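[1] Here is my input, please return the structure:
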Amino acid sequence: MTLGKWIHRAFVLATSLVPLAGVLWFGWSASTLLAVFWGETLLTGTANVVRIGLHRRLTRARGHFRRQLDDSSKKKSKSETTFLGEYATILYVFTLAHGFFLGIFLMILNQNWRGEGPSPWQIDVGSFRSGILAVAGITVLELLYDLLSLGQQPFSWLKARVQVTLGRVVILHLVVIFGAFLMMRFETPMSFLGILVGLKALMDLGTSAGPVETPAKAPRWLVALAKKQGLDMEREWTNILAEQKRQAEEDEKPLPSD
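    Down below sits the predicted model:
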């Protein structure tokens, strides 16, 4: 693993330590933790928007001016879009919609709390502010580190970087949703906070290794299954790899200056 990947893993680990410290040493409530998790998705996604926008301006790589995340819509829709527009739309629509429903969900849980002591579903504004500022600081530092060499990075690096972060965003949303339901189901939310933080940290570190590359050869089970259907999966696999290589090479070519 290269030094750059180790540095990015260190940033991921630092971000994961923020909620862990909040739970263990600062007594964050369940809602405060989930709210900071949600805020993290918004901050990391926004940092990616900045990365994409600056990389497009610095390199004018062709890959910026076509769809990259949704191949099916690319084939079906005649309307053109940019990588930046596509990513920002997915990020903000998904995240803001999730934040809206999460807020309603936590508000209902807080109003219906009948246990002893203060409600664990009450967001502590001070703790939330501290947590978000800590995550924002780490996110900005990671962004500044990337900016040192952003103009020299190929489009393939940026695409892989964004895809990994988008995967972490999806995981984080799932953690928030299922974690909230588990804590509601067992009515002992505080006992699940450490487990929730630990699972999220492990998943974050797992996805930080980078996207899984398409293997050079089709899996044997897939070849055998396709053969029963009269299909030559090995040839089709070769065609897929060739198309991916051709498209990747095309993405790297700079557009002529206006």
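
[2] for the chain, what spans make up the strands?
    Here the chain has no strands by DSSP state E.

[3] Find the residue ranges of it scoring beneath the pLDDT cut-off.
    1, 70-80, 114-117, 120, 167-169, 171-196, 198-199, 203-214, 257-258 (pLDDT under 70).

[4] And stretch 147-165, end to end?
    For stretch 147-165, the separation between the terminal residues is 17 Å (C-alpha to C-alpha, to the nearest Å).

[5] Can you point out the buried residues in that stretch?
    Neighbour-count burial for stretch 147-165, with 16 or more other C-beta atoms under 10 Å as criterion, is recorded at 150, 153, 155, 158, 159, 161, 162, 163, 164, 165. No exception for glycine: its C-beta is placed from N, CA and C like everyone else's.

[6] tell me which of those is nearest to residue 215?
    Set against residue 215, the nearest of the buried residues of stretch 147-165 by C-beta to C-beta is residue 163 (17.3 Å).

[7] so can I have CSV of the buried residues of stretch 147-165 showing distance to residue 95?
    Listed next are these as CSV, based on distance: C-beta to C-beta, whole Å:
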residue, distance to residue 95
150, 24
153, 25
155, 24
158, 20
159, 20
161, 18
162, 15
163, 16
164, 17
165, 12
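
[8] Between these, which sits nearest residue 243?
    residue 159 (15.6 Å).

[9] Surely that closest one is in contact with residue 63?
    Yes - proximity of residue 159 to residue 63 meets the contact threshold set by C-beta atoms under 8 Å, at 6.7 Å.

[10] quick check, nearest of the buried residues of stretch 147-165 to residue 239?
    residue 159 (21.2 Å).

[11] returning to that earlier point: now list whatever residues contact both of residue 159 and residue 63.
    Common neighbours of residue 159 and residue 63, using C-beta atoms under 8 Å, 6 or more residues apart in numbering, are 83, 251.

[12] ok so, going back, from the buried residues of stretch 147-165, which land in helices?
    Judged by DSSP state H, helices contain the following of the buried residues of stretch 147-165: 155, 158, 159, 161, 162, 163, 164, 165.
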